[in-house]
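Peer 1: Predicted model follows, preceded by the sequence.
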Amino acid sequence: MSLIYVLNGPNLNLLGKRQPRIYGHETLADVEADCRKLASELGHEIRFHQSNREYEIIDWIHEAREDGAGIVINPAAFTHTSLAILDALNTFEGPVIEIHISNVHKRESFRHHSFVSHRADGVIAGLGTEGYQLGIRRVATMLKVPKKE
Ligand code: CA2
């Protein structure tokens with residue numbers, strides 16, 4: 001059994017409550033419940049967090065360095081601005097999957113660049129909240145494959 005961190009950036013606490021056309025009807029609590037169910041089916045545990053503060057996300061990445069096996073992260077707007085989150089992820093050795101609920105490439109050009117993609121092992125965008133499930137599955141698969149020296 002391994003511990004997977006699922007981290008969510010600013011404003012994602014509003015999921016399901018505003019802009020359903022872009023982000024769907026599921027709330028973050030629904031997403032968390034789905035992630036917990038899937039993780040336990042796959043034999044893993046999750047720590048699920050959301051914050052509107054950059055430093056809290058960085059602190060959780062540091063915590064994951066100690067006890068986490070993988071990270072699924074939707075950095076939200078910090079995707080496009082945060083070199084600090086990229087630096088923190090670069091210190092983490094396990095699999096990292098970046099998630100976006102919307103297809104950022106179909107949206108404004110300022111959403112096309114991601115700092116986090118410089119470190120992510122995979123990026124899922126535009127598949128709605130199902131992206132979280134796919135991200136957890138991918139981390140679980142990567143945890144099964146022995147690391148190359
Ligand atoms: O598509 C995504 O998941 C994003 O990471 C969401 C971010 C946005 O800044 C990224 O470019 C793409 C915004 C999260 C805001 O979430 C809300 C949810 C419901 C209502 C309002 C905001």
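Peer 2: Sure, I can see it.

Peer 1: For this structure, what lies in contact range of the ligand?
Peer 2: 11-12, 14-15, 18-19, 23, 74, 76-77, 79, 100-102, 104, 111 (C-beta under 6 Å from any ligand atom). Quick note: C-beta positions are derived from backbone N, CA and C, even for glycine.

Peer 1: ok, 8 Å please
Peer 2: 9-12, 14-20, 22-23, 74-77, 79-80, 99-104, 107, 111, 125-126, 131 (C-beta under 8 Å from any ligand atom).

Peer 1: And the strands in this structure, which stretches?
Peer 2: 3-8, 45-50, 70-74, 96-100, 122-125 (DSSP state E).

Peer 1: Need these in a markdown table (columns: mean neighbour count and distance to residue 38).
Peer 2: Shown next, in a markdown table, are those (neighbours: other C-beta atoms under 10 Å; distance: least, C-beta to C-beta, whole Å):
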| stretch | mean neighbour count | distance to residue 38 |
| --- | --- | --- |
| strand 3-8 | 24 | 10 |
| strand 45-50 | 18 | 9 |
| strand 70-74 | 27 | 11 |
| strand 96-100 | 25 | 13 |
| strand 122-125 | 18 | 14 |
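
Peer 1: Using a markdown table, lay out the ones you listed together with mean pLDDT.
Peer 2: Converted to a markdown table, those look like this (pLDDT from 0 to 100):
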| stretch | mean pLDDT |
| --- | --- |
| strand 3-8 | 98 |
| strand 45-50 | 98 |
| strand 70-74 | 98 |
| strand 96-100 | 98 |
| strand 122-125 | 98 |
